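K.L.:
3D, please:
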Amino acid sequence: MTTHSGKLYKAELFMTEKITFDERDFKAILDGMVDGVITINQKGIVLTFNKTAETIFGYDSEEIIGKNVSLLMPEPQKSAHDSYLNNHINTGENHIIGIGRDVTALRKSGETFAMRLSVIEYPAKIQGDRWFIGSCRDITLQKQQEEQLKRSLKMDAIGKLTSGIAHDYNNIIGVISGFSELLAKRAEKHPEFHEYINHIRKAADRASNLTSQLLSITRKRKDDEEETDINSLLENNKEVIAKSLTSSIKLYITTDKELWPVFVEKGRLEDTILNLSINAMHAMPEGGELGMTTSNYEINSVDSQVLQITPGDYVKLAVSDTGIGMTEEIVCRIFEPFYSTKGESGTGLGLSQVFNFIDKSKGSIKVYSEPGHGTCFSIYLPRYIADKNTIVADKKTAKTTTDELHGLGQILVVDDEKTLLTLVENILSSHDYDVYCASNANEALNILENHPIDAVLSDIIMPDIDGYELAHMIHYKYPHIKIQLYSGFDNAKGKSVTSKSLAEDILAKPFTTKQLLTKIKKLLD
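P.N.:
Predicted coordinates:
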């Protein structure tokens, strides 16, 4: 039996008549496995921790070997783990061992994530202890894809149901409208009935409009699709959009002069923009700003998994407001048919139609919102090349390499959203940058005092001290440090003099790997 830095290996366990494995062979086998592999003893102490497990959890093996495996678990699983293990050892009941299941795990950064775990017990005791081997896999992306599939299936089922109901209602409404017209002719000599008849007609018209909205959920009108310049569409509808807003709301439109065309139903895209504008107006009862921004996007195979669209070239239309914002619970439901936050004044069909239109156009729509800070809807539509009569995002796979964007430097990333913080850290680290992370401005300032930093990449909306305020502090105390701000709002604006130049070059979320690396390289160069 050999022991090394708390790691236990036993060459004899892997010995046959022909082959003998030593420590290095054993470690190489574990590190070569696709899944994370963790070995513990009957006390829950970690004995081995392979490379994939290091990537999944964010720990180096030296940090975790010799400690209790419950360090990788959030509450209440953490407190209950030892009792589960002792119960199995004492009674033989298998509530955990030999059963594959989905659990919630905990990274070093404090982020929880979905993990698929399978545990088996090694048949022989080692140094008197029983050994357990766990195989784990991060299934966060899989869960997101499953949720997207459930939403699509739900939308399809609701669409079929509402389509049938709407057709039946149209027949009933037709009868109501028809007889109300006949009644109006018969009641010419009885003006006291005209008011009642008008109410019936108005109710029938409202019902007719509602059924039209229901039918649009499943309607496919491919013949109406055409090459569309979103810049021109925004310019042509600027006056209509402005009139849909109150006088206390200012409209800003910023367009990419080299914007690619898209191939969509122009009328439905106009409806989508108007729908988002009206929703923004309701979110700004005291007034505010509504910004619309267009830009070209190249989505590679990695970023496409986040946006859940096919890799390729896309046109992005961002609609941002400075309204009351939404909670995460509301954001998760806003595209559901009949879900509304407007009470009786809303049908709950507007955004479901928007989602349906974008989905049928082979695009994607993402929402970023912060209570008290506003909302940004980001629409991605595939690029269209007229002479090839093809949608680029369907036929082309974007370049996935970003080798030319490697660089050197000390980067401090500041974001209170742990998932995004981890993502940015991984992207920059994999391209040779030394990365420090902070979840708020105070942590960032502490790091700046103790480490030489070349550039700071910070979110704008954070608790207590926001990105602009942090940038002002850094500019005053460390004028040599370069600063890049990012935000989920394309039209985010700063208030201080220092912020004006930063506000002109905000990196909009969600950003691609290439966009992030390009910004950082340009910043440091």
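K.L.:
For stretch 278-298, what does the pLDDT average out to?
P.N.:
Stretch 278-298 comes out with an average pLDDT of 91.
K.L.:
buried sites along it?
P.N.:
279-281, 283-284, 288-295, 297-298 (16 or more other CB atoms under 10 Å). C-betas here are computed from N, CA, C, even on glycine.
K.L.:
Narrow those residues to those in strands?
P.N.:
Secondary structure defined by DSSP state E assigns 288-295, 297-298 of those to strands.
K.L.:
ok so, going back, just the closest of the buried residues of stretch 278-298 to D60, please.
P.N.:
E298 (34.6 Å; CB to CB).
K.L.:
any idea how far I38 is from L420?
P.N.:
27 Å (CB to CB, to the nearest Å).
K.L.:
ok, now P452?
P.N.:
36 Å.
K.L.:
got it, and I474?
P.N.:
40 Å.
K.L.:
quick one, which of the two is more surrounded?
P.N.:
Using other CB atoms under 10 Å, the more surrounded residue of I474 and I38 is I38, with 27 against 24.
K.L.:
mind listing what whichever strand or helix holds I133 pairs with, with the direction of each?
P.N.:
Per DSSP states H and E: I133 is located in strand 131-138. Partner strands and pairing direction for strand 131-138 (DSSP bridges) are strand 36-41 (antiparallel), strand 112-121 (antiparallel).
K.L.:
would you turn those strands into JSON lines with distance to R186 and mean pLDDT?
P.N.:
Formatted as JSON lines, the strands paired with strand 131-138 follow (distance: least, CB to CB, whole Å; pLDDT from 0 to 100):
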{"stretch": "strand 36-41", "distance to R186": "79", "mean pLDDT": "90"}
{"stretch": "strand 112-121", "distance to R186": "66", "mean pLDDT": "86"}
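K.L.:
Out of the ones you listed, which is the most enclosed?
P.N.:
strand 36-41 (a mean of 22; mean count of other CB atoms under 10 Å).
K.L.:
what does that one rub up against?
P.N.:
With CB atoms under 8 Å, 6 or more residues apart in numbering as the test, strand 36-41 has contacts from 8, 30, 46-50, 52-53, 55-57, 69, 72, 126, 129-138.
K.L.:
If you count contacts, what does the very next helix or strand once past that strand end up packed against?
P.N.:
Downstream of strand 36-41, the first helix or strand assigned by DSSP H and E is strand 46-49. Contacts defined by 3 or more CB pairs under 8 Å, 6 or more residues apart in numbering; DSSP states H and E place strand 46-49 against strand 7-9, strand 36-41, helix 61-64.
K.L.:
can you give me the helices for the stretch 401-525 of the chain?
P.N.:
418-429, 441-450, 467-477, 499-503, 513-524 (DSSP state H, counting those that start in this stretch).
K.L.:
Contacts only, for the residue lying closest to Y433 once chain neighbours are set aside.
P.N.:
Spatial nearest neighbour of Y433, excluding adjacent residues (CB to CB, 6 or more residues apart in numbering): I411 at 4.9 Å. I411 makes contact with 428, 433-436, 453-457, 520 under the criterion CB under 8 Å, 6+ apart.
K.L.:
mind running it again at 7 Å?
P.N.:
Listed by CB atoms under 7 Å, 6 or more residues apart in numbering, the contact partners of I411 are 428, 433-435, 454-455, 457, 520.
K.L.:
Please apply the same query to I461.
P.N.:
370, 373, 487.
K.L.:
How about N275?
P.N.:
350, 354.
K.L.:
tell me the angle of the helix or strand hosting it relative to strand 288-299?
P.N.:
If you go by DSSP H and E, N275 is part of helix 266-282. On the basis of axes from the mean of the first three to the mean of the last three CA atoms, to 10 degrees, helix 266-282 is oriented at 140 degrees to strand 288-299.
K.L.:
hang on, R383 is in a strand, isn't it?
P.N.:
Yes. Counting by DSSP: H, G, I helix; E, B strand; the rest coil, R383 is located in a strand.
K.L.:
can you offset everything so residue one is 181?
P.N.:
In the new numbering, first residue 181, that becomes R563.
K.L.:
What about it, how many residues nearby?
P.N.:
22.
K.L.:
Show me which positions of stretch 656-670 end up buried.
P.N.:
661-670.
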